[in-house]
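Novice: 3D, please:
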Amino acid sequence: MRTINQHRYNGSFNGYNHEDSLAELNSYSQIKEVQRFLIQNGYNLGSWGADGDLGRMTKQAIYDYIKAQSGSTPPTINPVTPSNNALVNEFRAIFQRKNYVFQEEELRLNIIGIRNLDANADFFDDELVVIWKEIGIHNVRRYPLTTDPGKGYLQSVMINPKGTAILKAGQYRNAYKLGLHRSKYVALVQRNGPVTVYRDDNKNGSLDFMVGNTDTGYFGINIHKAGTNSTNVNKWSAGCQVFKREAHFNEFIELCKKSERKHGAGTKFTYTLLEKRGVSIL
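Specialist: Numbering: from 1, shown residues only. All right, here's what the predicted structure looks like:
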């Protein structure tokens with residue numbers, strides 16, 4: 001493996017320019033090589049790690065490395081925090097109790113919805129937790145979302161005559177893949193396997209968990225986004241798992257794409273929905 005000093009152009013540190021000094025890094029493999037070197041030496045490349053993309057964090061880490069070599073400043077370290085370790089261990093234990101699969105393979109994503117059991121609808125009061133291992137280190141991301149339909153469907157319009165869908169808690173192994181949501185934008189779409197939902201057909205606007213009939217099949221219970229930073233669910237969800245903030249969703253989808261690059265086109269994703277009362281750490 002070549003070091004950064006072997007990759008960079010000759011020149012003094014004073015007047016250092018990111019773009020000029022990094023001009024030699026013009027291939028995916030070269031950038032990944034340098035990124036691995038940086039990570040092994042304790043530099044923070046964010047959640048994406050060695051992805052072959054010469055982005056802002058990689059450029060900053062190279063700058064910090066060169067500056068550190070000149071004796072000016074120490075490297076930025078990205079430690080695995082005790083809180084992250086506790087969170088990973090908590091979910092691993094929950095999955096084991098429920099006989100669920102917890103992904104430990106490099107860049108296999110544990111995508112976990114945490115449902116707030118408040119029956120009041122129309123709020124982004126649930127959470128999505130994503131846990132994955134990269135270069136042997138567990139990473140964690142947490143995002144606000146809804147795991148429930150909004151009042152726009154609970155009170156009036158029902159897409160399915162049996163009632164509005166409320167996804168039942170459980171693990172849906174390999175049920176998702178990257179694809180277009182409503183033919184508009186890339187999301188995680190439920191096309192690889194069935195899911196089970198409750199059917200809420202009383203139109204009272206309240207979420208009826210664990211009552212009524214269940215229905216299993218392919219219902220397009222996708223994982224997608226609402227608006228830029230939405231306040232109410234309304235018609236953003238008819239049973240889908242929906243991000244509150246577009247920026248969070250975009251970050252999540254980039255991570256899914258990164259996983260697909262690692263494991264191949266058509267990579268299958270597992271989604272696990274838990275109820276908050278069973279997750280003590282949250």
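
Novice: Run through the neighbouring helices and strands of the longest strand along the chain.
Specialist: Longest strand in the chain, counting residues (DSSP state E): strand 170-181. On a contact count with 3 or more C-beta pairs under 8 Å, 6 or more residues apart in numbering; DSSP states H and E, strand 170-181 meets strand 185-190, strand 195-200, helix 246-263, strand 269-275. The way it works is simple: take the backbone N, C-alpha and C, and place the C-beta from them, glycine included.

Novice: Now the ones you listed in CSV, please, with extra columns for distance to residue 97.
Specialist: What follows is the helices and strands packed on strand 170-181, written out as CSV (distance: least, C-beta to C-beta, whole Å):
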stretch, distance to residue 97
strand 185-190, 25
strand 195-200, 20
helix 246-263, 26
strand 269-275, 11
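
Novice: okay, the helix or strand hosting residue 87 in PDB with CA atoms only?
Specialist: Per DSSP states H and E: residue 87 is located in helix 82-97. Taking Å, rounded to 0.1, in the frame of the first residue of the first chain, the C-alpha atoms of helix 82-97 are listed here in PDB:
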ATOM      1  CA  PRO A  82     -19.200   3.200  24.600                       C
ATOM      2  CA  SER A  83     -22.700   4.400  23.800                       C
ATOM      3  CA  ASN A  84     -22.500   2.900  20.300                       C
ATOM      4  CA  ASN A  85     -21.100  -0.300  21.700                       C
ATOM      5  CA  ALA A  86     -23.900  -0.500  24.200                       C
ATOM      6  CA  LEU A  87     -26.500   0.100  21.500                       C
ATOM      7  CA  VAL A  88     -25.000  -2.600  19.200                       C
ATOM      8  CA  ASN A  89     -24.900  -5.100  22.000                       C
ATOM      9  CA  GLU A  90     -28.500  -4.300  23.000                       C
ATOM     10  CA  PHE A  91     -29.800  -4.900  19.500                       C
ATOM     11  CA  ARG A  92     -27.700  -8.000  19.100                       C
ATOM     12  CA  ALA A  93     -29.200  -9.400  22.300                       C
ATOM     13  CA  ILE A  94     -32.800  -8.500  21.200                       C
ATOM     14  CA  PHE A  95     -32.300 -10.200  17.800                       C
ATOM     15  CA  GLN A  96     -30.900 -13.300  19.500                       C
ATOM     16  CA  ARG A  97     -33.900 -13.600  21.800                       C
END
